[in-house]
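Enquirer: Sequence first, then the predicted structure, then my questions.
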Amino acid sequence: MKLDRTWRSRLKRAMVSLRNSPEAIARGAALGVFTAFLPIFGFQMILAALLATFLKANRPAALLATWVSNPFTMPPIFLFTYRLGVALTGGAAPERYAFRLASALRALTTPASGIGEVLHRVAWLGGHAMACLFAGGLLVGLVAAAVSYPVILWLGRRFGKFRERAHPIRARIRQ
């Protein structure tokens, strides 16, 4: 149970340290989760920061939430979104595209490969595979963002009350 308490206390500290309204934090996290599922390898954080800026969301929350897709979770996420995209577009999934995608995703997880090599492998996938990745990624990203927004909003409001109890003077200054 110590691990569980440690995890909860770290989450609580992270939520308390974000400075913004719970709505802006939840909006930022939802934007970050949405962009995490888009196949724009290496540019997800940039897009999340831009969207958060334009939509008046919390940028740190958006940036942190993009790490839903990290080098360890990218292969299953993007293989799933590719298969879903194939089903959505109604086309057949040639095995060579799945093999190329798996090869590109494997390059993401090896520390020796640079961003140039990864982008080259992604370009090697071709238009059909990228269209399927985008179609599946858009759908999964929208669903994940729609689910994450109310959860993060609830957590933000709950930890906002904790922040007010922990720092009553700061809470009065913000008002």
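Expert: Nice, I can see it. Numbers count the residues shown, from 1 in each chain.

Enquirer: For this protein, just list every one of the helices.
Expert: Counting by DSSP state H, the chain has helices at residues 2-17, 22-36, 44-54, 59-65, 74-89, 95-109, 115-125, 127-166, 168-174.

Enquirer: Buried residues, the second one. List them.
Expert: Read that as helix 22-36. Across helix 22-36, burial judged by 16 or more other Cβ atoms under 10 Å covers 22-36. C-beta: built from backbone N, CA, C; applies to glycine.

Enquirer: Please list the residues outside it that contact it.
Expert: Here helix 22-36 makes contact (Cβ atoms under 8 Å, 6 or more residues apart in numbering) with 15, 18, 20, 44-45, 47-48, 51-52, 55-69, 77, 141-142, 144-146, 148-150, 152-153, 156-157, 160.

Enquirer: lowest-pLDDT helix or strand in this structure?
Expert: helix 168-174 (a mean of 53; mean pLDDT, DSSP states H and E).

Enquirer: Select only the buried ones of the contacts of helix 22-36 in PyMOL?
Expert: Listed next is the PyMOL selection for buried residues among the contacts of helix 22-36, using 16+ other Cβ under 10 Å:
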select buried, resi 15+18+20+44+45+47+48+51+52+57+58+59+60+61+62+63+64+65+66+68+69+77+141+144+145+148+149+152+153+156+160
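
Enquirer: Considering the buried residues of helix 22-36, which is situated nearest to residue 88?
Expert: When the buried residues of helix 22-36 are compared for distance to residue 88 (Cβ to Cβ), residue 34 wins out at 16.9 Å.

Enquirer: Next one: that closest one from residue 137, what distance?
Expert: Look at residue 34 and residue 137: by Cβ to Cβ, to the nearest Å, they are 9 Å apart.
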